[in-house]
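>>> Provided below for reference: sequence and predicted model.
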Amino acid sequence: IRVSFLNAMGRYAREAENVTKSCKAKGSYLRVHYKNTRETAAAVHGMTLNKAKAYLNAVVDHKRAIPYRVHKGGVGRCAQAKEFGVPQGRWPVKSCQFVLDLLKNAESNAEVKGLDTGALRVTHLQVNKAPKQRRRTYRAHGRINPYMSSPCHIEMILSEKEETVAKAETAEKKSKLSVRAAAKLRLAESRKKA
């Protein structure tokens, strides 16, 4: 087996479109539930940095909820989830703390790069399952069952929103005509002259 270490910092699932205007943060083998963290990440994705931090802090304080859309089996309903058009929601404090810590790490990385932290937006936020950690629980009649944890990897990319530049107005191009259409046009012009 041949192993190559091309990138010592670790690979990301996606690269930023403009590397100079973006920053990254990554956490591996984090001891926090995968399913809760996935829902937290989905709720934060696309937000600005300041809005994401305020939202996660509100979730920790139980002022707002994380909507559960994918891993929602057995999740109770709550009124705060109606904000997102979903009946089910929870307040996964530990997941929010981990995502908040990564957001703060990404913010400090942005400051080192000299980016405007007020203009940063979460453009990529991915949660993957990490290898489970094994423990055992003791059951009735001398049996033993697995008692596993479900850790995860989290990676995020924050990018400054690119300013859209209006396209310069240019002279109108003549559309290309087919041979037959060009012949018809020439014939029509020759009839006008005659």
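Structure's in. What do you need?
>>> Go through stretch 121-136 and flag the buried ones.
Neighbour counts over stretch 121-136 (16 or more other Cβ atoms under 10 Å) mark 121-127, 130 as buried. For every residue, glycine as well, the C-beta is placed using N, CA and C.
>>> got it, and stretch 186-194?
Buried-residue list, stretch 186-194, by 16+ other Cβ under 10 Å: empty.
>>> and what of stretch 14-28?
In stretch 14-28, the ones that count as buried by 16+ other Cβ under 10 Å are 16, 21-27.
>>> what are the bridge partners for residue 88, then?
When bridges are called by DSSP bridges, residue 88 pairs up with residue 77.
>>> rewinding a little: widest-spaced pair of the buried residues of stretch 121-136?
Across the buried residues of stretch 121-136, no pair lies farther apart than 121 and 130, at 26.6 Å, counting by Cβ to Cβ.
>>> What part of this protein, helix or strand, is modelled with the least confidence?
Within the chain, no helix or strand scores below helix 179-193, which has a mean of 89 by mean pLDDT, DSSP states H and E.
>>> quick one on the thing from earlier: could you redo the buried residues of stretch 14-28 as a markdown table and give each row distance to residue 95, pLDDT and secondary structure?
Converted to a markdown table, the buried residues of stretch 14-28 look like this (distance: Cβ to Cβ, whole Å; pLDDT from 0 to 100; DSSP: H, G, I helix; E, B strand; the rest coil):
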| residue | distance to residue 95 | pLDDT | secondary structure |
| --- | --- | --- | --- |
| 16 | 24 | 90 | coil |
| 21 | 28 | 95 | helix |
| 22 | 24 | 95 | strand |
| 23 | 22 | 95 | strand |
| 24 | 20 | 95 | strand |
| 25 | 15 | 95 | strand |
| 26 | 16 | 95 | strand |
| 27 | 12 | 95 | strand |
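>>> Show me where the chain has its strands.
For the chain, the strands defined by DSSP state E cover 22-30, 66-67, 89-90, 120-129, 136-138, 144-146, 152-160.
>>> out of these, which comes closest to residue 111?
That would be, of the strands of the chain and by Cβ to Cβ, strand 22-30, which comes in at 8.8 Å.
>>> Show me how far the closest one is from its chain's centre.
From the chain centre to the centre of strand 22-30 is a distance of 12 Å (Cα atoms, centre = their mean, to the nearest Å).
>>> Give the other helices and strands that the longest helix seen in the chain contacts.
Counting residues, the longest helix found in the chain (DSSP state H) is helix 93-113. Applying 3 or more Cβ pairs under 8 Å, 6 or more residues apart in numbering; DSSP states H and E, we find helix 93-113 packed against strand 22-30, helix 34-44, helix 49-60, strand 120-129, strand 152-160.
>>> will you turn those into a markdown table that also has distance to residue 142?
A markdown table is the format used below for these (distance: least, Cβ to Cβ, whole Å):
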| stretch | distance to residue 142 |
| --- | --- |
| strand 22-30 | 33 |
| helix 34-44 | 31 |
| helix 49-60 | 42 |
| strand 120-129 | 32 |
| strand 152-160 | 34 |
